[in-house]
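**Q** Have a look at this prediction, sequence included:
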Amino acid sequence: MGARVTYLKLELKRAFLRLPQMLLGAAALVAFMGAAVLLASGALYGSQAAGRIAVGVLLPERDAVARQAVSMISSLESVKSLCDFSYPERDEAMEALEQGELYAVLEVPDGFVEDIINGTNTPVRIYFKGKESVESQIFKELSEAGAATLGASQAGIYAGDELLVSLGISERIPLLEEDLNRIFLRYSLPRMDYFRKHVVSAAGDVETPVFYGISMAVLFLLFGAIPVSGYLMPPERVMQQKLSLLGVGPVMMLAARCIGLTLLLFAVAFPVCVAAGCFGLLSQSFLSAGTLLFVCMGASCFVVFVYQAAGSLLGGVMLLFLAVTAMHFGSGGFLPLVFLPRAFRTLAPFLPSHILMEGMKMIVTESFEPLVFGKLLALAACGFAAGLLAERRTR
Amino acid sequence: MLEVSDVCRSYGKTNVLKGITFSAGPGECVGIVGGNGCGKTTLLSILAGAMRADAGSIVINGREAAGHPKVFAEETAYVPQENPLMEELSVWDNLLLWYRGGKKSMEKDLQDGPAAMLGIPGMLKKRAGTLSGGMKKRLSIACALSGHAPVLILDEPGAALDLECKEEIQKYLLAYMAQGGTVLLTSHELAELALCTQMHVLKGGKLEKIKTGLSARELVLQFE
């Protein structure tokens, strides 16, 4: 017993001697991830891939209804976030389009709104520049999507009208349209209200930046072990033999490394969480700290297993990098699961990365679920058991 | 008294040891020689309890050790070919890990025991990884001897050591034997083999007793 306690103490001391390495590695990782995020967001949301789309709208003179309709469309969130609408004169608009100041010009015909109501459906003419830019393409897609939505709504109304005509009760068409409008509003307004009160995004029930923050934190924990790879390698054969003479078996050796790495990860992650708490990004509580410890434990057992299975330092680094990258992709850490094939969605809940992200999400959202704690414990237990199996295989 | 009879060990289909039998009394030094890969390290690992034999009996001072790790722990001290040290930690920490018998006994040994004789007190604060090969070997021997076990098993103790260190270790082994200890060693060096009171050559998985004091040429002929 005494030898085991001494061994555990010395293994923890050995782990903490690696703390400066871990901190340096973490700093480098943060710098690398930060640069990657900045460059990616710059490319996606800056003006490199696509800038804001300037669109000129030619409205019929003295058509207040058309002006109001266009104003309403331009204030829609999906349009507002991409397009800037202006209302120049026709010649002015065409010249701006030619010079590339406008990406598209919309020509709204006379009686546009009335025609929609009476079913004539006079088309809106859209002018693009000869050589289409990315912005023009995006606006084209946006216009087609809007037209399709409008068409579907109209089809519903026209189908009702046609039904009444075929039944010979066309005089009830105004009543039907009034009812349809009322019923439509009854459904659509609460839905709009729901979206105002609840976060619904591809990233689940957290906002996209929070989702990626969680994803990066998990990657940070898993890759954070790379600078201390030397600590994670199983002891040399002769060391194992001598330790077994002291009564320190493979279970103890593996457990010591798992505990050591858990505490190292926690020592790095905890101050980061406290700092985030000081800036109001996270709440500070014992439960949050405990959850973080669980997450670190799950990550550690998985990482120790990877190194044990790899059998060599370089192999461990490579295997960890590849396994974590593939697993994180499969867990929806890079691209939310809704965008991935169904097979990924089925598999993801069993992947360590996904379980760790669930744990991190509990810390961020402060909604602690016993099931997730159970999953984290199961992850740690499975990582440990797999590590033991790998140890037995290489013995 | 060490009595080894019919010890066998195989790796898969390869029989490395085929019924090893010999005995050694207090104050004796048994040398085991043989070509590379003949199974010397395997035999010593089994005799130290670091590896299990497939069959056979190992009796140390009247106690059956095979299958009883505690007997090995109490009766043998094993110095493997490589040094089992935690290189990131200090010499003191390594002593703490391997020392059998508590802190007080360790401090006493550092004053006038084997550890003092091997020059360990002068390097207590150094990191094990920064020690030279000779210093590491001394530390490894000091750690192994901490339990004052009656049987000392050394796997090529002089490998990679300088002449001064080799001489100090040989002196220590003579003193150990004079106090009634039994030494079992493998070596490729005649100076170390000169300490042996009985010699065996291991070939084809069998142990054959040979004369002591053979020259290098005569020894090599025994390997064939």
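**A** Now that the structure is in, tell me what you want to look at.
**Q** Only C-alpha atoms from now on, for both contacts and neighbour counts.
**A** OK.
**Q** where does chain B have its least confident helix or strand?
**A** Lowest by mean pLDDT, DSSP states H and E among the helices and strands of chain B is helix B:216-223, with a mean of 80.
**Q** Please name every helix or strand in contact with that helix.
**A** Secondary-structure packing of helix B:216-223 (3 or more Cα pairs under 8 Å, 6 or more residues apart in numbering or on different chains; DSSP states H and E): strand B:198-203.
**Q** Dump the strand it packs on to PDB, keeping only the CA atoms.
**A** Only the C-alpha atoms of strand B:198-203 are listed here, as PDB (Å, rounded to 0.1, in the frame of the first residue of the first chain):
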ATOM      1  CA  GLN B 198      31.000 -20.700 -10.100                       C
ATOM      2  CA  MET B 199      30.300 -20.100 -13.700                       C
ATOM      3  CA  HIS B 200      27.700 -21.400 -16.100                       C
ATOM      4  CA  VAL B 201      27.200 -21.000 -19.800                       C
ATOM      5  CA  LEU B 202      23.600 -20.700 -21.200                       C
ATOM      6  CA  LYS B 203      23.200 -22.200 -24.700                       C
END
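**Q** which bits of chain A sit near chain B?
**A** Within chain A, the positions lying close to chain B (Cα under 8 Å from any Cα of the partner chain) are A:3, A:6-7, A:10, A:14, A:17, A:236, A:238-239, A:241-242, A:244-246.
**Q** Now tabulate those in CSV and tack on neighbour count.
**A** Formatted as CSV, the residues of chain A next to chain B follow (neighbours: other Cα atoms under 10 Å in any protein chain shown):
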residue, neighbour count
A:3, 17
A:6, 15
A:7, 23
A:10, 20
A:14, 18
A:17, 15
A:236, 12
A:238, 18
A:239, 17
A:241, 21
A:242, 24
A:244, 19
A:245, 20
A:246, 21
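**Q** okay, the residues you listed in JSON lines with secondary structure and pLDDT next?
**A** Formatted as JSON lines, the residues of chain A next to chain B follow (DSSP: H, G, I helix; E, B strand; the rest coil; pLDDT from 0 to 100):
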{"residue": "A:3", "secondary structure": "helix", "pLDDT": "85"}
{"residue": "A:6", "secondary structure": "helix", "pLDDT": "91"}
{"residue": "A:7", "secondary structure": "helix", "pLDDT": "93"}
{"residue": "A:10", "secondary structure": "helix", "pLDDT": "94"}
{"residue": "A:14", "secondary structure": "helix", "pLDDT": "94"}
{"residue": "A:17", "secondary structure": "coil", "pLDDT": "93"}
{"residue": "A:236", "secondary structure": "coil", "pLDDT": "88"}
{"residue": "A:238", "secondary structure": "helix", "pLDDT": "86"}
{"residue": "A:239", "secondary structure": "helix", "pLDDT": "90"}
{"residue": "A:241", "secondary structure": "helix", "pLDDT": "86"}
{"residue": "A:242", "secondary structure": "helix", "pLDDT": "87"}
{"residue": "A:244", "secondary structure": "helix", "pLDDT": "87"}
{"residue": "A:245", "secondary structure": "helix", "pLDDT": "84"}
{"residue": "A:246", "secondary structure": "helix", "pLDDT": "85"}
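**Q** what's the offset of the least confident helix or strand of chain B from the middle of its chain?
**A** Distance of helix B:216-223 from the chain centroid (Cα atoms, centre = their mean, to the nearest Å) equals 23 Å.
**Q** Buried residues of stretch A:92-101, list them for me.
**A** When burial is assessed from 16 or more other Cα atoms under 10 Å in any protein chain shown, stretch A:92-101 yields the following buried residues: A:93, A:94, A:96, A:97.
**Q** how near is the first one to residue A:127?
**A** Going from residue A:93 to residue A:127 by Cα to Cα, to the nearest Å gives 10 Å.
**Q** Touching both of those two, which residues are there?
**A** Contact criterion Cα atoms under 8 Å, 6 or more residues apart in numbering or on different chains; residues shared by residue A:93 and residue A:127: residue A:105.
**Q** need the residues of chain B near chain A, please.
**A** Contacts of chain B with chain A, taken as Cα under 8 Å from any Cα, map to B:49-51, B:69, B:72-73, B:80, B:82-85, B:88-89, B:93, B:96-98.
**Q** so of the buried residues of stretch A:92-101, which ones are in helices?
**A** A:93, A:94, A:96, A:97 (DSSP state H).
**Q** quick one: contacts for residue A:84?
**A** Taking Cα under 8 Å, 6+ apart as the criterion, residue A:84 is in contact with A:52, A:53, A:54, A:55, A:74.
**Q** just how off-centre is whichever strand or helix holds residue A:91 within its chain?
**A** For residue A:91, the element it lies in under DSSP states H and E is helix A:90-98. Distance, stretch centre to chain centre, for helix A:90-98: 41 Å (Cα atoms, centre = their mean).
**Q** From the rest of the structure, what touches that helix?
**A** A:56, A:58, A:102, A:103, A:104, A:105, A:128, A:129.
**Q** Which one of those is nearest to chain B?
**A** residue A:103 (64.9 Å; Cα to the nearest Cα).
**Q** ok, the closest one - how many residues close by?
**A** If you count neighbours by other Cα atoms under 10 Å in any protein chain shown, residue A:103 ends up with 27.
**Q** pLDDT wise, what is it at?
**A** Looking at residue A:103, its pLDDT stands at 83.
**Q** and the gap between it and residue A:92?
**A** Taken as Cα to Cα, the span from residue A:103 to residue A:92 is 14 Å.
**Q** cool, and residue B:176?
**A** Taken as Cα to Cα, the span from residue B:176 to residue A:92 is 106 Å.
**Q** Strands of chain B, start to end?
**A** B:2-11, B:14-24, B:29-33, B:55-60, B:63-64, B:76-79, B:151-155, B:182-186, B:198-203, B:206-210 (DSSP state E).
**Q** Kindly reformat those as a markdown table containing mean pLDDT.
**A** What follows is the strands of chain B, written out as a markdown table (pLDDT from 0 to 100):
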| stretch | mean pLDDT |
| --- | --- |
| strand B:2-11 | 92 |
| strand B:14-24 | 92 |
| strand B:29-33 | 93 |
| strand B:55-60 | 93 |
| strand B:63-64 | 92 |
| strand B:76-79 | 91 |
| strand B:151-155 | 92 |
| strand B:182-186 | 93 |
| strand B:198-203 | 92 |
| strand B:206-210 | 90 |
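**Q** remind me which residues of the chain are low pLDDT?
**A** Since no chain was named, I'll use chain A. A:1, A:37-38, A:40-51, A:75-79, A:81, A:117-119, A:130-135, A:149-150, A:184-205, A:395 (pLDDT under 70).
**Q** um, chain B though
**A** In chain B, residues with pLDDT under 70: B:160.
**Q** Could you point out the longest helix of it?
**A** Per DSSP H, chain B has its longest helix at helix B:163-178.
**Q** Check which helices and strands it is in contact with.
**A** The contact analysis (3+ Cα pairs under 8 Å, 6+ apart) places helix B:163-178 against strand B:182-186.
**Q** which among the contacts of residue A:84 gets closest to chain B?
**A** Of the contacts of residue A:84, the one sitting nearest to chain B (Cα to the nearest Cα) turns out to be residue A:52, at 57.3 Å.
**Q** Closest one of the residues of chain A next to chain B to residue B:216?
**A** residue A:238 (29.3 Å; Cα to Cα).
**Q** quick one, what contacts that closest one?
**A** B:80, B:82, B:83, B:84.
**Q** which of those residues lies closest to residue A:391?
**A** Using Cα to Cα, the contacts of residue A:238 come closest to residue A:391 at residue B:84, 18.6 Å.
**Q** What about the residues of chain B next to chain A, which are in helices?
**A** B:69, B:72, B:73, B:93, B:96, B:97, B:98.
**Q** quick one, what contacts residue 15?
**A** Going with chain A. A:231, A:260, A:261, A:264.
**Q** hm, I was asking about chain B
**A** Applying Cα under 8 Å, 6+ apart, the residues near residue B:15 are B:8, B:9, B:205.
**Q** any idea how far the last one is from chain A?
**A** Counting by Cα to the nearest Cα, to the nearest Å, the gap from residue B:205 to chain A is 22 Å.
**Q** This completes my enquiry, with thanks.
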